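# Sequence and predicted structure, then a few things I'm wondering about:
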Amino acid sequence: MNAKRFLQMILRIGFALLLGYASIDKIRHPYDFAQAVTNYRVIGESLSYLVAITLPYVELFTALCLMTGFWLSTAIWLNLALMWMFFIMVLQAFFRGLDIHCGCFTVEGESSIGPIKIGENLLFALLSVLLLYLETKPLSSKEQK
């Protein structure tokens with residue numbers, strides 16, 4: 001296995017584990033997750049419930065596809081969209097001065113939004129771009145051998 005394929009596999013497994021883990025508590029506690037979504041003050045309360053019901057399953061679906069390779073291209077694009085959406089949501093909450101918990105992995109008791117959470121989400125967003133790049137960049141003739 002060449003270095004490009006190895007890095008791609010590591011990123012796929014890493015994001016699959018991250019998204020799979022993040023979906024569990026949200027699926028188990030949709031009302032609490034809806035409150036966490038509402039706290040961002042971007043969408044209304046009724047839409048927060050819709051997001052709280054659907055987003056964890058999108059995360060889980062994406063995780064399963066990344067892990068298995070099924071619908072891989074779609075999963076990589078979904079992962080990219082999720083990571084950048086999470087980054088933007090955390091960033092806007094920080095700059096708006098919202099004193100809220102992230103709701104990223106658990107629905108309560110998680111760290112507040114601050115520079116570390118912003119850096120963490122930026123790292124995930126940039127790594128999602130790297131994964132997309134590795135997936136879409138054609139193999140060179142050396143790598144194909």
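Cool, the structure landed.

# Distance of residue 95 relative to residue 77?
The gap separating residue 95 from residue 77 is 27 Å, by CB to CB, to the nearest Å. Just so you know, the C-beta spots here come from the backbone N, C-alpha and C atoms, and that holds for glycine as well.

# So for the two, which residue has more residues nearby?
When residue 95 and residue 77 are compared for neighbours, residue 77 comes out ahead with 16 against 10, by other CB atoms under 10 Å.

# element containing the more buried one?
Assigned by DSSP states H and E, residue 77 belongs to helix 72-95.

# Over to residue 21?
Residue 21 belongs to helix 3-28, assigned by DSSP H and E.

# now do residue 134
In the assignment (DSSP H and E), residue 134 maps to helix 115-136.

# Just checking the distance from stretch 107-119 to the centre of its chain.
Its chain's average C-alpha position is 14 Å from that of stretch 107-119, according to CA atoms, centre = their mean, to the nearest Å.

# what does that stretch rub up against?
Residues outside stretch 107-119 that contact it (CB atoms under 8 Å, 6 or more residues apart in numbering): 25-26, 29, 32-33, 35-36, 87, 90-91, 93-94, 98-104.

# go with 6 Å
25, 29, 32, 33, 36, 90, 91, 93, 94, 101, 102 (CB atoms under 6 Å, 6 or more residues apart in numbering).

# and which of these is nearest residue 50?
Distance to residue 50, by CB to CB, is smallest for residue 33 among the contacts of stretch 107-119, at 11.5 Å.

# Just checking, which helix or strand of this protein averages the lowest pLDDT?
helix 141-144 (a mean of 52; mean pLDDT, DSSP states H and E).

# any idea how far residue 89 is from residue 49?
Applying CB to CB, the value for residue 49 to residue 89 is 17 Å.

# how big is the angle separating the helix holding residue 21 from helix 72-95?
60 degrees (axes from the mean of the first three to the mean of the last three CA atoms, to 10 degrees).
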